[in-house]
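>>> quick one, structure for this:
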Amino acid sequence: MPDADVIIVGAGLSGICAASLLSAKRPADRVIVLEARDAIGGTWDLFRYPGIRSDSDMHTLGYSFRPWRGQKAITDGGSILSYIRDTAREQDVERLIRFRHRLLAANWDGAAQHWELRVQTPEGQITLTTRFLLGCTGYYDYEAGYMPDFAGQEDFAGPLVHPQHWPEGLDWHSKRIAVIGSGATAITLVPELARKAAHVSMIQRTPSYVAGMPARDRLGDRVKRILPERAAYAAIRWKNILMGMGTYQATQLWPGFIGRLLARKAAERSGTDPADFHAPYGPWEQRLCLAPDGDLFDALRTGRASITTGRITGFEPDGVRMESGDLIPADVIVVATGLRMRLGGGAALSLNGAALHFADHVSYKGAMLSDVPNFAQMFGYTNASWTLKCELIARWVIRLLDRMEAVGATVATPVPPQDLKLRSAVPLSSGYVQRAHGTLPMQGDRGPWRVHQNYLRDVYAFRYAPVDDGAMVLSTMDQSFSTRA
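Below you'll find the model as predicted:
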């Protein structure tokens, strides 16, 4: 008998969600959560840079089964970390977590019909087996972020910092700081650093779209005063889901108009040139950045921060030299140049001893991989809250396990048709996605092999559509069969 019915890899936002739901819906299952680090929280425990916060509202980033009780909808990383840890404690899933257990490799043993995991622990390597493997490791490399090789990098006299590993005790007060990047991390860092720095210079090769958004949901506050807590939370959650979907659809219908509108509004609030906020792509071809309460715009308008758009020639002892010839003076340089994608937490996956490469497989509903048995991987939305999709996947895995149990199946494998037309499953032009080209799974031209960035479509696909949909093959040691449910 395997050591576990389900092993969850990762105790971050999605891992705690999956563990909580499995414990509630399938209490008889033996569930183990492997966490490579020594704490719950994933991203929200790892990232410690100043001002770290959500870029999704907490009514959708939080779980449907546990209301967010904080005052701010766009909130700080510490509050999110507390929410995750409080959820783990309230749902009684802390007992399932094995800390400092890093998954090194996992092999599907077809003869035994289980996954065999090689795990590094403080006491050495161990082997665990499980009927079903659920990856909740996020999508990026926890060990290191993306760091370009700048000319003269070794000549810079001050600290050179990547936000993913912010040095404890770094003194940046009253210093001149150059932040290289224009993504969500840079947009978060600049106003926070500008509160106490002498000046913050944001250096961007190309602009990003930035939208101002109130950190506090005033309409939501009024709803909370009228309805009981859970009803109010559900109402606010659905309000924000539908508003987000509506905004996204508007950007797809009128990308030029919406892009110009965003750039103009940002320029008006910050007192800068609209060109500094007009990206060379349509809104949501890369993630839209948020400035809660317009904090970035305020920092720019008051002169505590500035934006320079252009290419970097290299670093010099006292700053960053631009292609234009200008020198951006800096005592500290923060390289907010993005992430390195790494699915599966970097573990070596294999099927009956043959290496499994994500790019060789087609994504099934954005949750499983073609021809890979009893394995699901959490991957959230690119145009909405990460957790919305992850919770749907967790609930769907429970439906799948229930169905397997009902028909006596031990293996569930999505099998694609031969005539699928393939393209990338991650529809973003962001640098971190483009750098990962050739390592990400593909998607097909029709369901259930399409990865939809649409919560309403996915609610039906994951919560109500038949588990046995013609693509999902359920089997036992002796036979394969598919029955509709």
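
>>> how far away is the residue lying closest to Gly158 once chain neighbours are set aside from Val161?
Nearest residue to Gly158, sequence neighbours excluded (C-beta to C-beta, 6 or more residues apart in numbering): Asp331, at 4.8 Å. The C-beta positions use only the backbone N, C-alpha and C, and glycine is treated the same way. Between Asp331 and Val161 the computed distance is 12 Å (C-beta to C-beta, to the nearest Å).

>>> run through the neighbouring helices and strands of the one helix or strand Ile32 maps to.
Using DSSP states H and E, Ile32 sits in strand 31-35. If you count contacts as 3 or more C-beta pairs under 8 Å, 6 or more residues apart in numbering; DSSP states H and E, strand 31-35 packs onto strand 4-9, helix 13-25, strand 97-99.

>>> the first one pairs with which strands?
In the sheet, strand 4-9 lines up against strand 31-35 (parallel), strand 124-135 (parallel) (DSSP bridges).

>>> for the last one, same thing?
For strand 97-99, the paired strands and their directions (DSSP bridges) read strand 31-35 (parallel).

>>> starting at the chain centroid, how far to the strand it pairs with?
Relative to the centre of its chain, strand 31-35 is centred 20 Å away, using C-alpha atoms, centre = their mean, to the nearest Å.

>>> can you pull the contacts of Ala24?
Phe65, Gln91 (C-beta atoms under 8 Å, 6 or more residues apart in numbering).

>>> how close does it get to Arg395?
11 Å.

>>> tell me which stretches of the stretch 301-450 of the chain form strands.
Taking DSSP state E, counting those that start in this stretch to define them, one finds strands in the stretch 301-450 of the chain at 305-309, 312-316, 319-322, 327-329, 332-335, 348-351, 354-355, 363-364, 368-369, 375-377, 411-414, 423-424, 442-443.

>>> give me the pLDDT for Arg484.
With respect to pLDDT, Arg484 scores 38.

>>> orientation of the helix or strand harbouring Asp86 relative to strand 31-35 in degrees?
Under the criterion of DSSP H and E, Asp86 resides in helix 77-90. Using axes from the mean of the first three to the mean of the last three C-alpha atoms, to 10 degrees, the direction of helix 77-90 lies 150 degrees away from that of strand 31-35.

>>> so which bits of helix 77-90 are buried?
Across helix 77-90, burial judged by 16 or more other C-beta atoms under 10 Å covers Gly77, Ser79, Ile80, Leu81, Tyr83, Ile84, Arg85, Thr87, Ala88.

>>> where do the domain boundaries of this structure fall?
4-142+340-481, 153-335 (automatic domain parsing).

>>> dump those domains to JSON lines, plus mean pLDDT.
JSON lines is the format used below for those (pLDDT from 0 to 100):
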{"stretch": "domain 4-142+340-481", "mean pLDDT": "93"}
{"stretch": "domain 153-335", "mean pLDDT": "95"}
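
>>> hmm, back to that, list the helices and strands the helix or strand that the strand holding Ile32 is followed by packs on?
Downstream of strand 31-35, the first helix or strand assigned by DSSP H and E is helix 43-46. Secondary-structure packing of helix 43-46 (3+ C-beta pairs under 8 Å, 6+ apart): helix 77-90.

>>> tell me what the helix it packs on is packed against?
Counting by 3+ C-beta pairs under 8 Å, 6+ apart, helix 77-90 packs on helix 13-25, helix 43-46, helix 58-61.

>>> turn the ones you listed into TSV, including distance to Thr251.
TSV is the format used below for those (distance: least, C-beta to C-beta, whole Å):
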stretch	distance to Thr251
helix 13-25	26
helix 43-46	26
helix 58-61	18
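
>>> out of those helices, flag the one nearest Trp172.
With C-beta to C-beta as the criterion, Trp172 lies closest to helix 43-46 of these, at 19.9 Å.

>>> now do the closest one: distance to the chain's middle.
That offset, for helix 43-46, works out to 12 Å (C-alpha atoms, centre = their mean).

>>> which residues are contacting it?
Residues contacting helix 43-46 (C-beta under 8 Å, 6+ apart): Gly12, Leu13, Arg37, Ala39, Ile52, Gly77, Ile80, Leu81, Ile84, Gly138, Tyr142, Gln164.

>>> kindly report the same for stretch 267-284.
Outside stretch 267-284, the residues touching it (C-beta under 8 Å, 6+ apart) are 204, 206-210, 212, 248, 251-252, 255-256, 258-260, 262-264, 266, 286, 294, 296-298, 300-301, 307, 309, 382-383, 429.

>>> Serialize the helices and strands packed on strand 31-35 to JSON lines and add fields for distance to Gly282.
Output for those, formatted as JSON lines (distance: least, C-beta to C-beta, whole Å):
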{"stretch": "strand 4-9", "distance to Gly282": "35"}
{"stretch": "helix 13-25", "distance to Gly282": "28"}
{"stretch": "strand 97-99", "distance to Gly282": "41"}
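
>>> perfect, that will be all.
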